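J.: Here is the input, now give the coordinates:
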Amino acid sequence: MNVNKLKIGDFSRLCRVTVRTLRHYEEIGLFKPEIVDEWTGYRYYSVGQFQKMQDILTLKELGFSLEEIRELFEEETHYPSIEVLEEKIRICEADLQRLRKRQAQLKALVKSQKKKQKMENITIEKLPAIIIATHRTVIPCYEKLGELICNVIMPEMIRINCKCAEPSYCYTIEHGGYKPQNIDIEYCEQMTEKGDDTDIIKFKEIPEVPTAVCMKVFGSYDKLYQAYLDVFAWIEKEGYKVSGEPRANYVDGIWNEENPDRWLTIIQVPVEKVG
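T.: As a prediction, the model looks like this:
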């Protein structure tokens, strides 16, 4: 390759622009090859034209149109005046205001859609009377719940030969209020019959819940805290009041699904109508 005489393909690679772009710039009179062979039609560029091409690309990046750039080169200023640059700044500021407005509208739409999805995931159901095996402890955060179930509770239930109901029904109760850290949690699983209590597992009979507000929550357990806040807000808005211990019913979790995005938890809150 002759470094003083570059074919269009070589020059395009050097400047990191396409051959199509170079041909378009030539057509509009913005940037022409230094030599066009009259016999072959081949276009040749020089290394000295590299800087002009970089100037064009820089001005484009700053928001100048090809027509504006061509006028600058025709006037041989090669660079916009302070007045022109200040006008571009004003245009940028106006564009930013429009983008911020659009961003706010998009965020509002996302919030509305999320709210709609949450409302679609809420149902009113009756919870039957059941026998449960339970374990109560304090965990640092919801993310540790899976480890507690798999490493502590399940091995003990297997050891004492718990008679689990089919289909399985397990849930947790958060004692002392709902918080994202240092959670006083009680894990409960439905049994077909009572067993003998151990240091880890206790057995209880739970009465029927005539009315419960239920919300589906998809994803990892760290979403549960916000989900509780959402369902409590819905309960108040719809004229109910909490009448019993809320439950988090674990349908799919770490024990049968590796991907946390596919975990399903159903929050079940015993309620009664106000007044």
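J.: Quick one: residues contacting the nearest residue to residue 220 once chain neighbours are set aside.
T.: Leaving aside its sequence neighbours, residue 220 sits nearest to residue 260 (C-beta to C-beta, 6 or more residues apart in numbering; 3.9 Å). To be clear about C-beta, it is placed using only N, CA and C from the backbone, and glycine gets the same treatment. By C-beta atoms under 8 Å, 6 or more residues apart in numbering, the contact set of residue 260 is 219-220, 254.
J.: got the contact list for the nearest residue to residue 37 once chain neighbours are set aside?
T.: Counting by C-beta to C-beta, 6+ apart, the nearest residue to residue 37 once its immediate chain neighbours are dropped is residue 44, at 7.2 Å. By C-beta under 8 Å, 6+ apart, the contact set of residue 44 is 5-8, 33-37.
J.: same for the biggest helix by length in the chain, what does it pack against?
T.: In the chain, taking DSSP state H as the definition, the longest helix is helix 82-120. With contacts taken as 3 or more C-beta pairs under 8 Å, 6 or more residues apart in numbering; DSSP states H and E, helix 82-120 sits against helix 224-237.
J.: Now the helix it packs on: average pLDDT?
T.: Taken as a whole, helix 224-237 has a mean pLDDT of 87.
J.: Let me know the angle separating that helix from helix 82-120.
T.: Put simply, helix 224-237 runs at 70 degrees to helix 82-120, going by axes from the mean of the first three to the mean of the last three C-alpha atoms, to 10 degrees.
J.: So which elements touch helix 224-237?
T.: Secondary-structure packing of helix 224-237 (3+ C-beta pairs under 8 Å, 6+ apart): helix 82-120, strand 209-218, strand 240-242, strand 264-273.
J.: what about the spatially most distant residue from the centre of the chain, distance to residue 22?
T.: Distance from the centre of the chain peaks at residue 39, with 59.7 Å (C-alpha atoms, centre = their mean). As defined by C-beta to C-beta, to the nearest Å, residue 39 lies at a distance of 21 Å from residue 22.
J.: again with residue 268
T.: Distance of residue 268 to residue 22, given as C-beta to C-beta: 67 Å.
J.: secondary structure class for the residue nearest to residue 37?
T.: Put simply, residue 44 is strand when judged by DSSP: H, G, I helix; E, B strand; the rest coil.
J.: Just the pLDDT at it, thanks.
T.: For residue 44, the model assigns a pLDDT of 90.
J.: now swap in residue 112 and tell me
T.: Confidence score, pLDDT, at residue 112: 68.
J.: ok, now residue 77?
T.: pLDDT, residue 77: 66.
J.: likewise residue 218?
T.: pLDDT, read off for residue 218, is 89.
J.: excluding its backbone neighbours, what's nearest it?
T.: Leaving out its chain neighbours, the residue that sits closest to residue 218 by C-beta to C-beta, 6+ apart is residue 264, at 5.8 Å.
J.: Residue 135 versus the one you found, what's the distance?
T.: From residue 264 over to residue 135 the distance is 22 Å, taken as C-beta to C-beta.
J.: before we move on, what about residue 45?
T.: Residue 45 is 77 Å from residue 135, where distance means C-beta to C-beta.
J.: quick one: the strands in the stretch 51-200 of the chain?
T.: Ranges of strands within the stretch 51-200 of the chain are 122-127, 130-141, 170-175, 181-191, based on DSSP state E, counting those that start in this stretch.
J.: so which of these gets nearest residue 49?
T.: Ranking the strands of the stretch 51-200 of the chain by their distance to residue 49 (criterion: C-beta to C-beta) puts strand 130-141 first, at 61.6 Å.
J.: Summarise which helices and strands the closest one is packed against.
T.: Using 3+ C-beta pairs under 8 Å, 6+ apart: strand 130-141 touches helix 145-148, strand 181-191, strand 202-206.
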